[in-house]
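*Asks:* pasting the structure only:
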């Protein structure tokens, strides 16, 4: 080959490498949040990059991912999850912890409203303080409440019901 052809091939190779590098950089996405642990079941995904979709899976190899568009939120049950964007992306891990929380609002003398304020379905048991016998039980779905008559000698025990 003569020098002119080699010079032209070298220029084309450099231009090709520049274009490929730009394509990789423009398609690379850096996941920001979520990461770590949270109890909020409604998850908003944030990243730096041009991707417009997110893959979420409970398996780090993404064997059965769900896909959402970039501005949507995902409502997930408690568990360990992995996520990444479409295109070139790092993988991020987060844990959605379960939270059992019950609120008690006095309505009248012995009447109360009991509401599930946690992020999982709850089993609520009413116990008699003197002998710890169960005097009542109810299953409360997310955000569900009930009205009940309660004596001051009662204790509540709430646990996850999923």
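*Replies:* Thanks, I have it. Quick caveat, the model's predicted, so the values are computed rather than measured.
*Asks:* which elements pack onto the helix or strand encompassing residue 126?
*Replies:* Assigned by DSSP states H and E, residue 126 belongs to strand 122-128. Under the contact criterion of 3 or more Cβ pairs under 8 Å, 6 or more residues apart in numbering; DSSP states H and E, strand 122-128 touches strand 111-116, strand 134-140, strand 154-160. C-beta coordinates here come from the backbone N, C-alpha and C atoms, glycine included.
*Asks:* average pLDDT for that strand, rounded please.
*Replies:* Averaging pLDDT along strand 122-128 yields 88.
*Asks:* show residues contacting that strand.
*Replies:* With contact meaning Cβ atoms under 8 Å, 6 or more residues apart in numbering, strand 122-128 is reached by 100, 102, 114, 116, 133-140, 148, 150, 153-161.
*Asks:* what pairs with it, parallel or antiparallel?
*Replies:* strand 134-140 (antiparallel), strand 154-160 (antiparallel) (DSSP bridges).
*Asks:* now the angle between strand 111-116 and the last one, please.
*Replies:* Think strand 154-160. For strand 154-160 against strand 111-116, the angle by axes from the mean of the first three to the mean of the last three Cα atoms, to 10 degrees is 20 degrees.
*Asks:* how far is strand 154-160 from where the chain is centred?
*Replies:* In terms of Cα atoms, centre = their mean, to the nearest Å, the centre of strand 154-160 is set 26 Å apart from its chain centre.
*Asks:* what would the strands paired with strand 122-128 look like in CSV with mean neighbour count?
*Replies:* Shown next, in CSV, are these (neighbours: other Cβ atoms under 10 Å):
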stretch, mean neighbour count
strand 134-140, 14
strand 154-160, 14
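*Asks:* contacts only, for residue 132.
*Replies:* By Cβ under 8 Å, 6+ apart, the neighbours of residue 132 are residue 155.
*Asks:* quick one: pLDDT of residue 48?
*Replies:* 88.
*Asks:* what bridges to it?
*Replies:* Residues in beta-bridge contact with residue 48 (DSSP bridges): residue 30.
*Asks:* coming back round to it: ok, which of the strands paired with strand 122-128 comes nearest residue 96?
*Replies:* strand 154-160 (13.1 Å; Cβ to Cβ).
*Asks:* what about stretch 72-88, how long is it end to end?
*Replies:* Stretch 72-88 has an end-to-end distance of 20 Å (criterion: Cα to Cα, to the nearest Å).
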